[in-house]
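> quick one: sequence plus predicted model below, questions after.
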Amino acid sequence: MIQTIIQAVQNYFDSVSAAFTTYPVFFYFVITILGLLVGSFLNVVIYRLPIMLENAYKDEYQEYFYPEKELPKREKFNLMVPASHCPNCNHKISAIENIPLLSFLCLRGKCKECGQKISFRYPFVEALTAILSFIVAYKFGPHLATLGGLILCWSLVALSGIDFDKKILPDEIIFPVLWLGIILNLFTTYTDITSSIFGAVFGYLILWLIYWTFKIIFGKEGMGYGDFKLTALLGAWIGYQYLGILVLMPAFVGLIGYTLFFIYSKVFTKTKQEPEFAYGPYIAISGFIALIYGPEINSWYLHTMMGM
């Protein structure tokens, strides 16, 4: 019975793959539109998931330390409820007002009801997700690697947005995606299973060692544990061979970004405290680049820099 179901699913995917292979332009179009729609949903995830986690942590804390107290009553709040609305006037956003990119352009970036400006980040995340989805589809074509790559890509966008806002990288996203990478590599989708496992292990350990070295020398934390786990996630997907990209590229680009961010905070905002900096987005960017261009980058480095 199970074998029959698996065979039926395999036949279905083979037929879909054949259709997309015959009409590649249609395939790219479908994936890009899907990326726009998912990008709209990711905006919700970036905003709501940290609030959901905060509420859950508060409830768990109270249940553990003060079990005799009744938990506070809250209105239902998750990724689906309440419906999207304007934070200024509570105008419920209709389906026609929630079309990715088009609605923002038609509304000229303002709420239809009260005229409050809509954050430019919403169309930016939608467009970015669509572009990255197209790149994944173009790289891997109508195969299983594209499906997995899309899931990884969308997860990285969500993690980057959350880290940028709240300086956290939720385990609720990282761990399922990490295990998915290992499962896919059981079928050598992106690398072999040995490289995948060692990529996850060494990805975590390398940043863990950098973290403690920095803390011992400078007496403060240079990154968080979420950054270790994100590097382990990417290592599980693409293998230990590309850990150099995952470690060196974020450090270099992140240093430039932090310097600019530090200057902006001190000069323009007159902040006296040292500004908080999200390192996760730089790891995510490097991971995506390694997924798409890892072999080419490694080959260039070996031939150009090492003379091999």
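Okay, I see it.
> can you count the residues close to the residue nearest to I33 when sequence neighbours are not counted?
Counting by Cβ to Cβ, 6 or more residues apart in numbering, A130 is the residue found nearest to I33 once chain neighbours are left out, at 7.6 Å. For every residue, glycine as well, the C-beta is placed using N, CA and C. Per other Cβ atoms under 10 Å, the neighbour tally for A130 reads 21.
> also F218?
Neighbours around F218, by other Cβ under 10 Å: 9.
> same deal with F261?
Neighbours of F261 using other Cβ under 10 Å come to 15.
> OK, contacts around the residue of the chain most remote from its centre?
Distance from the C-alpha centroid of the chain, by Cα atoms, centre = their mean, peaks at E68 (39.0 Å). For E68, the contact set (Cβ atoms under 8 Å, 6 or more residues apart in numbering) is empty.
> quick check: it is in a strand.
No. Counting by DSSP: H, G, I helix; E, B strand; the rest coil, one finds E68 to be coil, located in no strand.
> ok, so what distance separates it from Q62?
In this view, E68 and Q62 are 10 Å apart by Cβ to Cβ, to the nearest Å.
> do you know the pLDDT at the residue farthest from the centre of the chain?
Per-residue confidence (pLDDT) for E68: 85.
> try Y12
The per-residue pLDDT reported for Y12 equals 66.
> how about F268?
64.
> okay, now S40: neighbour count?
With other Cβ under 10 Å as criterion, S40 counts 20.
> what element comes up after whichever strand or helix holds it heading to the C-terminus?
Using DSSP states H and E, the element containing S40 is helix 24-65. Remark: after helix 24-65, the chain's next helix or strand is helix 102-106, criterion DSSP H and E.
> buried residues in the helix or strand just after that next one?
Note on helix 102-106: by DSSP H and E, the next helix or strand toward the C-terminus is helix 121-140. Residues 122-123, 125-130, 132-137, 140 are the ones in helix 121-140 that count as buried (16 or more other Cβ atoms under 10 Å).
> quick one: contacts of helix 121-140?
Under Cβ under 8 Å, 6+ apart, the answer for helix 121-140 is 27-28, 31-36, 38-40, 42-43, 46, 100-101, 104-105, 146, 149-150, 153-154, 157, 161, 288, 291-292.
> same thing but at 6 Å, please
28, 31-32, 35-36, 38-40, 42-43, 100-101, 104, 146, 149-150, 153, 157, 292 (Cβ atoms under 6 Å, 6 or more residues apart in numbering).
> all helices for the stretch 201-308 of the chain, in order.
Taking DSSP state H, counting those that start in this stretch as the criterion, the stretch 201-308 of the chain carries its helices at 225-238, 243-267, 280-300.
> and those, which one's lowest on average pLDDT?
Mean pLDDT, when computed for each of the helices of the stretch 201-308 of the chain, is lowest for helix 243-267, at a mean of 79.
> for that helix, which helices and strands make contact with it?
When contacts are defined as 3 or more Cβ pairs under 6 Å, 6 or more residues apart in numbering; DSSP states H and E, helix 243-267 sits against helix 193-218, helix 225-238, helix 280-300.
> and those helices: which comes nearest E172?
helix 225-238 (11.5 Å; Cβ to Cβ).
> C-alpha coordinates for that closest one, PDB please?
Extracted in PDB, the C-alpha atoms of helix 225-238 (Å, rounded to 0.1, in the frame of the first residue of the first chain):
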ATOM      1  CA  TYR A 225      24.100  31.100  19.800                       C
ATOM      2  CA  GLY A 226      21.500  31.400  17.100                       C
ATOM      3  CA  ASP A 227      24.300  32.300  14.700                       C
ATOM      4  CA  PHE A 228      26.000  29.000  15.500                       C
ATOM      5  CA  LYS A 229      22.800  27.100  14.800                       C
ATOM      6  CA  LEU A 230      22.100  29.000  11.500                       C
ATOM      7  CA  THR A 231      25.600  28.100  10.300                       C
ATOM      8  CA  ALA A 232      25.000  24.500  11.300                       C
ATOM      9  CA  LEU A 233      21.700  24.600   9.300                       C
ATOM     10  CA  LEU A 234      23.500  25.800   6.200                       C
ATOM     11  CA  GLY A 235      26.300  23.300   6.600                       C
ATOM     12  CA  ALA A 236      23.700  20.500   6.800                       C
ATOM     13  CA  TRP A 237      22.300  21.700   3.400                       C
ATOM     14  CA  ILE A 238      25.500  22.400   1.400                       C
END
